[in-house]
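Colleague: I need the structure of the sequence given here:
(one chain, ligands or ions: 1)
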Amino acid sequence: MIIYQKVKFDAAHRLFGYQGSCNNLHGHVWVVEVWIDGDQLDSCGMLMDYRSIKQYFKDLYDHMLILYKEDPLVEVLQYMVPITVLDSNPTAENLAVKIKQDLKAFKVRIHESEDNFAEV
Ligand SMILES: [Zn+2]
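Modeller: From the prediction side, this is the model:
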């Protein structure tokens with residue numbers, strides 16, 4: 001069995017060390033599609049509560065600044081704005097990997113814009 005959830009959230013990031021404009025702080029309306037598979041339903045007959053998927057994104061990413069742990073902006077901004085710190089540069093690819101691991105998802109597709117996505 002597979003369940004699917006689509007989530008949108010606003011968040012800023014920058015690609016640390018990138019030679020180009022994505023090294024500047026900028027924001028996206030991120031769209032994430034999550035597929036979760038499994039055979040075990042809980043006592044309510046759910047594979048996973050859709051609300052818990054949405055809550056994960058609300059808690060970790062919505063209206064947050066997403067930065068790489070080695071980015072010096074973490075130290076500068078950590079007491080001023082809510083930051084989610086990643087072990088890797090916050091590319092769509094790395095975010096997709098983290099989300100897949102965190103949610104134990106079967107597949108994750110993440111769109112930074114309507115013209116592209118990364119999938120894992
Ligand atoms: Zn970006």
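Colleague: C-alpha from now on. contacts and neighbour counts both.
Modeller: Fine.
Colleague: need the helices for this protein, in chain order.
Modeller: Assigned by DSSP state H, the helices in the chain fall at 50-60, 73-77, 92-103.
Colleague: can you tell me which of the ones you listed comes nearest to G38?
Modeller: helix 92-103 (12.3 Å; C-alpha to C-alpha).
Colleague: Show me which residues of the closest one are buried.
Modeller: Judged by neighbour count (16 or more other C-alpha atoms under 10 Å), helix 92-103 contains these buried residues: 92-100, 103.
Colleague: cool, and stretch 56-72?
Modeller: Buried residues in stretch 56-72, counting neighbours by 16+ other C-alpha under 10 Å, are found at 57-58, 61-69, 71.
Colleague: Please name the bridge partners of E33.
Modeller: Under DSSP bridges, the beta-bridge partners of E33 are K6, R109.
Colleague: which one in the chain is furthest away from the centre?
Modeller: No residue in the chain has its C-alpha farther from the mean C-alpha position than S43, which lies at 28.6 Å (C-alpha atoms, centre = their mean).
Colleague: separation between T91 and E112?
Modeller: From T91 over to E112 the distance is 9 Å, taken as C-alpha to C-alpha, to the nearest Å.
Colleague: Between those two, which has more neighbouring residues?
Modeller: Comparing T91 with E112 by other C-alpha atoms under 10 Å, the one with more neighbours is T91, at 19 against 16.
Colleague: Please tell me how far the closest residue to that one other than its chain neighbours sits from D87.
Modeller: Nearest residue to T91 in three dimensions, chain neighbours excluded: L15, at 6.7 Å (C-alpha to C-alpha, 6 or more residues apart in numbering). Using C-alpha to C-alpha, one obtains 13 Å as the distance from L15 to D87.
Colleague: Fine by me, thanks again.
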